[in-house]
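Asks: Got a predicted structure here, sequence first:
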Amino acid sequence: MSGENDKPPMAWRYCGNQIRLWRGQAELSREELASEVGYSVEYVKSMEQGRRKPTVHLLRVADQLCGSRGLLTAAEDYLAPEKPASYAADYMLYELDSVALHFYQASLVPGLLQTEAYAQHLLKESWPPVSEETIERRLTSRLRRQALLGEVIRSFTFVISERVLHLAYGGDEVHKAQLVRMVEVGEQRNVAIQILLDRDMVNAGLNGPFILLDTEQHEHLVYVEVPLSGLIYAEPEKVRVMRQRYDKLLQQALSPVESSKFIEKVVGNL
């Protein structure tokens, strides 16, 4: 079903409309403009209608022919691809304001559950490499956030793929200590950790990890990490879809008690 997201970028449509208006004011036909820029009439039409991104060449020629004195070429910067907004900092604020947080993770132990050694290993192995100062700053921030787990007025649910229990990041000792910490944190009355067994490879989390947040202001949000950034969704329809996925993951995962026993069994086999 088509919707707002199916439309071309607003910058394309606005710029195209401006080209059409300036061309009309200069009494320049579309055919004449097309001839001057060396494009087909249909190609120029598609740019004026915002269906295609207006080219820099068209803007410069139209600016000269229409006498817009730089008003058309000024659009060049706004037609460049927008940088994706990073909402990681915003997420931290919502995390502090949340009374219920629900995590799904398929490849790593969630940050709130990570030991210092485990987190440090991940940060040091990130690529491209960063300075020791940056690693220390990020590590300190991550460990500081874990204080939230001690606030019993907040509830935490973690659904974690079984494969995470078998990935020995940082070596066997770091890995074992990490699993033991998960068992210990899972004993808190405000925390539930549930393991999704590998036998359930086809599950509701195939699209990747995400976090659901319920704030004190009764806001319901979804945070999804993507390469180099993160996105926060507040649209009711998107939140509903992700909540349905999480509910299904909870059904597919072991119970908290079963999960604790399962983790202890993995620790015993190390």
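Replies: Nice, thanks for sending it over. Numbers count the residues shown, from 1 in each chain.

Asks: and F103, which of the three is it?
Replies: Secondary structure, DSSP: H, G, I helix; E, B strand; the rest coil: F103 is strand.

Asks: Touching, it and S155? I think so.
Replies: No: with contact defined as Cβ atoms under 8 Å, F103 does not reach S155; the gap is 11.7 Å. No exception for glycine: its C-beta is placed from N, CA and C like everyone else's.

Asks: Counting neighbours, go ahead and name the busier of these two.
Replies: Under the neighbour definition other Cβ atoms under 10 Å, F103 and S155 were set side by side, and F103 has more, 21 against 17.

Asks: who's in contact with that one?
Replies: F103 makes contact with P110, L112, F156, T157, F158, V159, I160, P209, I211, according to Cβ atoms under 8 Å, 6 or more residues apart in numbering.

Asks: Q105 now?
Replies: Taking Cβ under 8 Å, 6+ apart as the criterion, Q105 is in contact with F158, V159, I160, S161, V164, P209.

Asks: Show me what the helix or strand W22 falls within packs onto, helices and strands only.
Replies: The secondary structure element spanning W22 is helix 10-25 (assigned by DSSP states H and E). Counting contacts by 3 or more Cβ pairs under 8 Å, 6 or more residues apart in numbering; DSSP states H and E, helix 10-25 packs against helix 41-48, helix 56-66.

Asks: can these go into JSON lines with extra columns for distance to E173 and mean pLDDT?
Replies: As requested, the helices and strands packed on helix 10-25 are exported to JSON lines (distance: least, Cβ to Cβ, whole Å; pLDDT from 0 to 100):
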{"stretch": "helix 41-48", "distance to E173": "61", "mean pLDDT": "93"}
{"stretch": "helix 56-66", "distance to E173": "58", "mean pLDDT": "94"}
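
Asks: And the pLDDT for the residue nearest to L112 when sequence neighbours are not counted?
Replies: In space, not counting the residues next to it along the chain, L112 is nearest to Q146; the distance is 5.4 Å by Cβ to Cβ, 6 or more residues apart in numbering. Each residue has a pLDDT score; the one for Q146 is 95.

Asks: Q146: neighbouring residues, count only.
Replies: Other residues near Q146 come to 16 when the count uses other Cβ under 10 Å.

Asks: before we move on, the earlier item: the helices and strands packed on helix 10-25: which one's closest to F262?
Replies: If you check each of these against F262 by Cβ to Cβ, helix 41-48 wins as the nearest, at 57.7 Å.

Asks: That closest one to helix 10-25, inter-axis angle?
Replies: With axes from the mean of the first three to the mean of the last three Cα atoms, to 10 degrees as the basis, helix 41-48 and helix 10-25 are set at 120 degrees to each other.
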